[in-house]
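Engineer: okay, predicted coordinates and the sequence, questions at the end:
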Amino acid sequence: MSGTITGKVAAGATAAVTSAVENVARTATTLTAGGGFAPREVYESSTQITRSYYLGHHASALNKMRQTISNVGLIIECRDFRVPICSWNPLLERSLAASAAGERSRIIVYTKHDLGPPSGNFSKETSIEGYTNGRYQSGKDIVKTLKKYHKNSYTTKDVMFLGTSAGARSRNDAPNNDKHLLESIKRIAREADSLTGMRAMVVGMPNSGKSTLLNRLRAKGMGLPKAAQTGATPGVTRKIGTPVRIIAGESADDPSSAGLGEGVFIMDTPGVFIPYVSDPEDMLRLALVGCVKDGVIPSVTVADYLLYHLNLVDPKLYTRKFDLGKPTNDVHEFLRAVATRTGKLRKGSELNLENAADWVVQAWRRGDLGRFALERVTEETLAHAVEKAREPTVSISQARKREKEQRKVAQQMKWAGITAPPGGSVA
């Protein structure tokens, strides 16, 4: 159970994180005092923020996957298009990787494409300012970069970008749909050419759309109702499901089914989180998109991180919606406006900022407060992620011990008058 988050750990970090948010709010007053609004260019994440959501059933599910993997010919990995880099779990990939070319194929599916940045045709509710000033990328640019990156992998057979709408291109002009994914799966099954058909496994981080994807493939491929339970919060699927047929087997009446054997069956799996997230801002990204259960990180903190991005993209995304006369970096001023507009009140008509924070985060997740990615996707950021993934996997307790030792060394160097090396690392 090493690395498992408890309520005590999460609650212990809340006070420190809330204090950090209040400090940012006070800083915001200084920034705007000169007259013109200046958004925060960098988000100052608290080092006290909870940096793991690796639960007991994540570990047991991963062990079960390792035991089952020898019978699996295809891995379908789901990643969230809004956080395409930090929704990649290197531990999951290493545990289920093929040991040789041709042993096991992989398709990477970037889900929720329609909730990410537009490809270039900006709608009325979507700001263009944040994209044209270079702070944010268009969906087309992200897709192009990711396709180029995955092209060099010998195990990755295909890369797909799917929207939340079933069976068709999303309103955001997603490059692919369910039919394209089924065709890719069929090609891989034919290459395997097994009489018993092919077994596939859908994997990914919590709440990345795995169960929803399984249900959509079953509906499109077999015309059958959903087989996996779904929900808007992580943790709905807690154990590996039984194989579900998504593609029918060979039939004399259908020449195109040749080589499919008994068909294609897919297994749903629980989301598996990273044992330890080294960058606090990555944890905030994952919390904002819903990969982390709401409440693990204080809702006001997550709302403050959303406000930071909204100000960089275009403050009008919220000033008009919540009747704010001018933009703000102060999360409490922002949430007071949200609570007033949406009627989030306590007894005695007191504004309920926590409920307002929950509401505004859910609104962004639905795409009602702008659509943008939370991280830049470039060759450099992808290379950095790969380099970081090569580091040994550590539990949260091991990471805390290491950070404590690093702080101790840094303090000793400070007393001795020694300057820390570039990057601040003293390990």
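Structural biologist: Nice, thanks for sending it over. This structure is a prediction, so every number in the text was calculated from the model and none was measured.
Engineer: what ranges do the strands span in the stretch 101-250 of the chain?
Structural biologist: Assigned strands in the stretch 101-250 of the chain, in chain order: 105-111, 156-161, 198-204, 244-247 (criterion: DSSP state E, counting those that start in this stretch).
Engineer: just these: most buried one?
Structural biologist: With neighbours defined as mean count of other Cβ atoms under 10 Å, the strands of the stretch 101-250 of the chain peak in mean count at strand 198-204, which reaches a mean of 25. Every residue, glycine included, has its C-beta placed from N, CA and C.
Engineer: give me the sheet partners of that strand and which way each runs.
Structural biologist: Each strand that strand 198-204 pairs with, and the sense of that pairing, follows from DSSP bridges: strand 74-80 (parallel), strand 264-268 (parallel).
Engineer: tabulate these in JSON lines, adding columns for distance to Met201, mean pLDDT and mean neighbour count.
Structural biologist: JSON lines is the format used below for the strands paired with strand 198-204 (distance: least, Cβ to Cβ, whole Å; pLDDT from 0 to 100; neighbours: other Cβ atoms under 10 Å):
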{"stretch": "strand 74-80", "distance to Met201": "6", "mean pLDDT": "96", "mean neighbour count": "24"}
{"stretch": "strand 264-268", "distance to Met201": "5", "mean pLDDT": "95", "mean neighbour count": "23"}
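Engineer: with distance to Pro225 added, can I get those strands in JSON lines?
Structural biologist: Listed next are the strands paired with strand 198-204 as JSON lines, based on distance: least, Cβ to Cβ, whole Å:
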{"stretch": "strand 74-80", "distance to Pro225": "20"}
{"stretch": "strand 264-268", "distance to Pro225": "15"}
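Engineer: and the gap between Gln362 and Val302?
Structural biologist: Relative to Val302, Gln362 is positioned 11 Å away (criterion: Cβ to Cβ, to the nearest Å).
Engineer: the two - which one has more neighbours?
Structural biologist: When Gln362 and Val302 are compared on other Cβ atoms under 10 Å, the one with more neighbours turns out to be Val302, at 25 against 14.
Engineer: number of nearby residues for the nearest residue to Lys179 once chain neighbours are set aside?
Structural biologist: Taking Cβ to Cβ, 6 or more residues apart in numbering, and ignoring the residues beside it in sequence, Lys179 has Lys220 as its nearest neighbour in space, at 6.5 Å. Close neighbours of Lys220, defined as other Cβ under 10 Å, add up to 18.
Engineer: correct me if wrong: Pro275 contacts Leu91.
Structural biologist: Yes: Pro275 sits in contact with Leu91 when judged by Cβ atoms under 8 Å, with a separation of 6.6 Å.
Engineer: which residues are in contact with each of those two?
Structural biologist: Applying Cβ atoms under 8 Å, 6 or more residues apart in numbering, one finds that Pro275 and Leu91 are jointly contacted by Thr393.
Engineer: between these two, who's got more neighbours?
Structural biologist: Using other Cβ under 10 Å, the more surrounded residue of Pro275 and Leu91 is Pro275, with 23 against 17.
Engineer: return the distance of that one relative to Val386.
Structural biologist: Remark: distance between Pro275 and Val386 (Cβ to Cβ) = 18 Å.
Engineer: same question for Leu353.
Structural biologist: Relative to Val386, Leu353 is positioned 40 Å away (criterion: Cβ to Cβ).
Engineer: shouldn't Gln411 be within a strand?
Structural biologist: No: secondary structure of Gln411, determined by DSSP: H, G, I helix; E, B strand; the rest coil: helix, with no strand assignment.
Engineer: so it versus Ile418, what's the distance?
Structural biologist: In this view, Gln411 and Ile418 are 11 Å apart by Cβ to Cβ.
Engineer: ok, Thr145 next?
Structural biologist: 40 Å.
Engineer: Ala356 now?
Structural biologist: Here the distance between Ala356 and Ile418 works out to 47 Å (Cβ to Cβ).
Engineer: please apply the same query to Leu146.
Structural biologist: As for Leu146, its distance to Ile418 is 42 Å (criterion: Cβ to Cβ).
Engineer: what about those two, which has more around it?
Structural biologist: Under the neighbour definition other Cβ under 10 Å, Leu146 and Ile418 were set side by side, and Leu146 has more, 20 against 11.
Engineer: wait, Ala337 sits on Lys326?
Structural biologist: No: Ala337 lies out of contact with Lys326 (Cβ under 8 Å); the separation is 10.8 Å.
Engineer: residue boundaries of the helices in the stretch 301-427 of the chain?
Structural biologist: For the stretch 301-427 of the chain, the helices identified by DSSP state H, counting those that start in this stretch occupy 316-319, 331-342, 353-365, 379-389, 396-415, in order along the chain.
Engineer: what are the buried residues along the shortest one?
Structural biologist: So that's helix 316-319. Neighbour-count burial for helix 316-319, with 16 or more other Cβ atoms under 10 Å as criterion, is recorded at 317-319.
Engineer: CA atoms of it as CSV?
Structural biologist: In CSV, the C-alpha atoms belonging to helix 316-319 read as follows (Å, rounded to 0.1, in the frame of the first residue of the first chain):
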residue,chain,number,x,y,z
LYS,A,316,-13.6,37.7,-21.6
LEU,A,317,-14.4,34.0,-21.3
TYR,A,318,-15.4,34.6,-17.7
THR,A,319,-15.9,38.4,-17.2
